[in-house]
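K.L.:
coordinates only, no sequence provided:
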């Protein structure tokens, strides 16, 4: 059966692109992984790889066609034994990337979780602790993380005329990821400002404005580009309060996507959580849920200190419940127990929580109840919540997309060793991204990132010692 090739989405916000060139011709044999076409967006030129072996039967969209919508069929692949006469037959479901190989069955556990020491109570049911910032009975509204961020900025800009937004494409284009959608129309060009492509320059302008008493929200199109502004971020924003003897503050938020997206390769996929959380003078936030994105961004804008607000591009389109309150603010520096359990503590933040929560579901099927902590803020770190959980469970696993050496997980492990060593039944395990620059190929990218299966394996390792 012929297989359709679809116009791929190269980012979570891509809606259309230009099919600039076909690299294979009709009738030409192709193998899985062969580059068959090039696509241009307003951001980059990307390659389309074949997902199946066969023959390029028919090109449906000619090269040079502009504004091809995502998921539009662009070509048809014929399998071995098929011919042009089969093109009129129904096509197989279209695929944009190779189907994930089924994971090998996990090794059957040879024992139950090791008996917990007396200080660890029986495992409670897997439920979330109530959010202290949300009054009981509060109505919840479902929205995407992208919308939660936009609403947070809009509410703070209405509340305080000193708050403004600046960055590349935040105004006319309404944000590279549409996070600032509608802000220019409501607040005008004096408070929603498009900047030149010079991170060092506009970060410095924002810091100067903050020192003068304004409250800028500076968007980096990606924190990978913020390396151009490290001198401004570290030597100016982070150190000014200390070097001025407390006389000059810098109330500013630097926000934007951090870490791996989808197939944007090594120079656009770095996780900067450990970089920034090591610096005195900065507060570093990395939320996971839509409610926390909104509540923590509002808190960051009001904070008198410079705040690094690390978002995740892969989460922008995810939806979640957000409290319908006039002023929903989440305190900086407070972790949240999103799932209670008594056998092992799993600590993560940002997109790492997706692996942690999936792993907790899998572990529960085997009778292991994991307590999952969303750190939310990396600096200041809520050590008390982590230690209280580890004292109860006696075991801990950290999960992060960043590299392991000198990572945030290393700091968490060190604090557990310092404050809860006598309660540990097993060494702290760390699950992280692999120690390589991010590959471009989709299959290698998947291998470079952590997985729920790796979290399950680590949790079992500490439970069955």
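P.N.:
Received the coordinates, thanks. Values in this document were obtained by computation on a predicted structure and should not be read as measured data.
K.L.:
residue ranges for the helices of the stretch 101-250 of the chain, please.
P.N.:
Assigned by DSSP state H, counting those that start in this stretch, the helices in the stretch 101-250 of the chain fall at 145-159, 183-187, 199-211, 230, 240-243.
K.L.:
next: the stretch 251-400 of the chain.
P.N.:
Shown for the stretch 251-400 of the chain, the helices assigned by DSSP H, counting those that start in this stretch span residues 273-277, 290-302, 352-365, 383-393.
K.L.:
find the centremost residue of this structure, please.
P.N.:
Nearest to the mean C-alpha position of the chain, by Cα atoms, centre = their mean, lies residue 312 at 2.7 Å.
K.L.:
I'd say that residue and residue 350 touch.
P.N.:
Yes - using Cβ atoms under 8 Å, residue 312 is in contact with residue 350, at 5.1 Å. For glycine as for every other residue, the C-beta is placed from the backbone atoms N, C-alpha and C.
K.L.:
what do the two both touch?
P.N.:
Both residue 312 and residue 350 are contacted by 258, 259, 286, under the criterion Cβ atoms under 8 Å, 6 or more residues apart in numbering.
K.L.:
how about the backbone phi and psi for the second one?
P.N.:
When read as degrees, to the nearest 10, the backbone of residue 259 gives phi 90, psi -170.
K.L.:
who's in contact with it?
P.N.:
For residue 259, the contact set (Cβ under 8 Å, 6+ apart) comprises 269, 270, 271, 272, 273, 310, 312, 313, 350, 351, 401, 402.
K.L.:
distance check, the nearest residue to the first one once chain neighbours are set aside against residue 227.
P.N.:
Closest residue to residue 269 in three dimensions, ignoring its sequence neighbours and counting by Cβ to Cβ, 6 or more residues apart in numbering: residue 438, at 3.6 Å. To residue 227, residue 438 is 15 Å away according to Cβ to Cβ, to the nearest Å.
K.L.:
more neighbours: which of these two?
P.N.:
residue 438 (23 against 15; other Cβ atoms under 10 Å).
K.L.:
any idea how far residue 451 is from that one?
P.N.:
Residue 438 is 15 Å from residue 451, by Cβ to Cβ.
K.L.:
which regions of this protein sit below the pLDDT cut-off?
P.N.:
Applying pLDDT under 70 to the chain flags residues 1, 10-14, 42-45, 51, 80-81, 83-130.
K.L.:
try it again with 80
P.N.:
Applying pLDDT under 80 to the chain flags residues 1-2, 9-15, 32-33, 41-47, 49-52, 79-133, 465.
K.L.:
ramachandran angles for residue 335?
P.N.:
Main-chain dihedrals, residue 335, degrees, to the nearest 10: phi -80, psi 170.
K.L.:
just give me the neighbour total for it.
P.N.:
Under the criterion other Cβ under 10 Å, the count of neighbours that residue 335 has is 19.
K.L.:
now it, nearest residue through space, not along the chain?
P.N.:
Nearest non-adjacent residue to residue 335, counting by Cβ to Cβ, 6+ apart: residue 382, 3.8 Å away.
K.L.:
please apply the same query to residue 148.
P.N.:
In this structure, residue 148 finds its nearest non-sequential neighbour in residue 294, 3.9 Å apart by Cβ to Cβ, 6+ apart.
K.L.:
the one you found contacts residue 320, correct?
P.N.:
No - in this structure, residue 294 is not within contact of residue 320 by Cβ under 8 Å, at 9.9 Å.
K.L.:
any shared contact partners between these two?
P.N.:
By Cβ under 8 Å, 6+ apart, residue 294 and residue 320 have these common neighbours: residue 148.
K.L.:
so what's the residue nearest to residue 33 when sequence neighbours are not counted up against?
P.N.:
Spatial nearest neighbour of residue 33, chain neighbours left out: residue 49 (5.5 Å); criterion: Cβ to Cβ, 6+ apart. Residue 49 makes contact with 32, 33, 34, 35, 36, 97, 442, according to Cβ under 8 Å, 6+ apart.
K.L.:
and for residue 152?
P.N.:
Residues in contact with residue 152 (Cβ under 8 Å, 6+ apart) are 293, 294, 295, 297, 298, 301.
K.L.:
can you tell me how far the nearest residue to it once chain neighbours are set aside is from residue 376?
P.N.:
In this structure, residue 152 finds its nearest non-sequential neighbour in residue 297, 4.0 Å apart by Cβ to Cβ, 6+ apart. Residue 297 is 12 Å from residue 376, where distance means Cβ to Cβ.
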